[in-house]
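Novice: Sequence first, predicted model second:
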Amino acid sequence: MIYRENTLLGKSVSAIGFGGAAISGEGGGYGFGDMSETEAKNLLSEAWDMGINLFDTAPIYGFGLSEERLGKYLPKEAIIVSKGGVDWHSSRRVNMTNDPKVIERMFLESLKRLKREFIDVYMIHWPDKNVDIRRPLEVLRKYQEKSVITHIGLCNTNLEDLNKAKEIAPIACLQSELNVLNTKAFDDLEGEWKKYFSMSWGTLDKGILSGRVTEGRKYNASDARSWAPWWNKKEVVLKIEKVKHLANILSDYNISLTQYCLHFNLHFYGVSSCLVGAKTSSDLVQIASHLQNIPDVATIEEAYNRWNS
């Protein structure tokens with residue numbers, strides 16, 4: 001496992017972070033299919049044993065199930081990242097708000113589910129045009145001063161919110177979507193993300209860039225891809241065809257899709273840690289093997305340019 005020394009977190013951090021939505025499907029909300037309690041326990045244990053020490057989650061992942069499982073099955077030394085702002089009603093209808101009262105309640109609920117005295121990194125999940133980012137940041141800063149939050153971060157943020165947030169609290173971490181199909185969120189930050197511990201989600205674009213998403217694939221009800229509006233079938237089909245073209249180009253360099261996508265984020269963009277939602281032991285083994293063979297940055301760029309020409 002590759003580690004990145006980072007003074008913001010004060011410790012070595014694995015270049016691959018575990019995406020907690022992978023273990024929360026049957027709980028509902030944002031998840032990717034059923035996983036039994038035993039399977040989740042074993043997968044988390046194996047991830048830890050192989051050197052992954054960064055675990056990303058959020059309450060909406062399984063309506064709390066992901067956090068509960070991380071709390072039960074990870075050692076206290078694990079670095080936990082959680083978020084606030086994507087809430088839900090009793091009917092489980094999702095409610096997105098950065099209202100300070102909601103953020104505070106969600107943080108305290110996450111703390112209980114994770115069975116921790118503090119959370120390593122706590123982030124605002126999404127920008128909210130109706131709430132000035134400085135208001136929920138005042139709440140997080142209060143808990144940081146009490147040592148209940150170690151580091152504060154912003155997820156899916158923009159330059160305006162980032163600058164406002166820094167008026168209230170030191171921002172240590174940024175997290176946004178990044179993959180070879182979509183670099184917009186990072187590009188829009190105009191290089192500012194390089195000043196922070198940066199995490200990328202969507203590394204394999206919900207499976208499309210693994211090559212395992214096919215046009216006729218069916219998903220069960222506990223997999224958000226079976227019902228979510230962001231899983232647009234026409235767009236997915238177009239992406240599948242584009243990924244096939246990329247795979248053909250990569251064959252000239254003897255590089256696999258997954259290997260390329262990991263190193264595109266880690267070495268071409270230079271993010272601190274790539275979040276990957278492994279579902280099985282074989283997924284973890286494959287990820288680990290890809291980290292041992294790092295393509296030359298010039299090769300990554302050449303293949304990317306050929307693909308987009």
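Specialist: That came through fine.
Novice: Is the closest residue to residue 95 other than its chain neighbours in a helix, a strand, or coil?
Specialist: Leaving out its chain neighbours, the residue that sits closest to residue 95 by C-beta to C-beta, 6 or more residues apart in numbering is residue 87, at 4.7 Å. No exception for glycine: its C-beta is placed from N, CA and C like everyone else's. Three-state call for residue 87 (DSSP: H, G, I helix; E, B strand; the rest coil): strand.
Novice: Residue 87 reaches residue 94, doesn't it?
Specialist: Yes - proximity of residue 87 to residue 94 meets the contact threshold set by C-beta atoms under 8 Å, at 7.5 Å.
Novice: more neighbours, these two?
Specialist: residue 87 (20 against 12; other C-beta atoms under 10 Å).
Novice: Can you check which residues contact both of residue 87 and residue 94?
Specialist: Taking C-beta atoms under 8 Å, 6 or more residues apart in numbering as the criterion, residue 87 and residue 94 both touch residue 60.
Novice: roughly how far is the helix or strand harbouring residue 200 from the heart of the chain?
Specialist: Using DSSP states H and E, residue 200 sits within strand 197-201. Offset of strand 197-201 from its chain centre (C-alpha atoms, centre = their mean, to the nearest Å): 7 Å.
Novice: Contacts for the very next helix or strand once past that strand next, please.
Specialist: Following strand 197-201 in sequence order, the next helix or strand is helix 233-251 (DSSP H and E). Contacts to helix 233-251, defined as C-beta under 8 Å, 6+ apart, come from residues 180-181, 205, 208-209, 211, 213-215, 256-257, 260, 303, 306-307.
Novice: Mark which of the residues you listed are buried, thanks.
Specialist: Buried members of those, counted by 16 or more other C-beta atoms under 10 Å: 180-181, 205, 208-209, 211, 213, 256-257, 260, 303, 307.
Novice: The strand holding residue 200 pairs with which strands?
Specialist: strand 171-177 (parallel), strand 273-276 (parallel) (DSSP bridges).
Novice: re the thing from before, can you redo the buried ones among the contacts of helix 233-251 as JSON lines, where the extra columns are distance to residue 53 and pLDDT?
Specialist: Formatted as JSON lines, those follow (distance: C-beta to C-beta, whole Å; pLDDT from 0 to 100):
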{"residue": "180", "distance to residue 53": "26", "pLDDT": "96"}
{"residue": "181", "distance to residue 53": "28", "pLDDT": "97"}
{"residue": "205", "distance to residue 53": "25", "pLDDT": "95"}
{"residue": "208", "distance to residue 53": "27", "pLDDT": "93"}
{"residue": "209", "distance to residue 53": "24", "pLDDT": "93"}
{"residue": "211", "distance to residue 53": "28", "pLDDT": "87"}
{"residue": "213", "distance to residue 53": "29", "pLDDT": "90"}
{"residue": "256", "distance to residue 53": "25", "pLDDT": "92"}
{"residue": "257", "distance to residue 53": "26", "pLDDT": "93"}
{"residue": "260", "distance to residue 53": "24", "pLDDT": "95"}
{"residue": "303", "distance to residue 53": "30", "pLDDT": "95"}
{"residue": "307", "distance to residue 53": "33", "pLDDT": "96"}
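Novice: okay, those residues in CSV with distance to residue 151 next?
Specialist: Below are the buried ones among the contacts of helix 233-251 laid out as CSV (distance: C-beta to C-beta, whole Å):
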residue, distance to residue 151
180, 28
181, 29
205, 27
208, 31
209, 29
211, 35
213, 34
256, 34
257, 33
260, 30
303, 35
307, 36
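Novice: now for the residues you listed, which pair is the farthest apart?
Specialist: Spatial extent of the buried ones among the contacts of helix 233-251 (C-beta to C-beta) is set by the pair 213 and 303 at 20.6 Å.
Novice: mind listing what the one residue sitting closest to the centre of the chain touches?
Specialist: When C-alpha atoms, centre = their mean is applied to the chain, the residue found nearest the centroid is residue 201 (3.6 Å). Residues near residue 201 by C-beta under 8 Å, 6+ apart: 19, 56, 175-178, 275.
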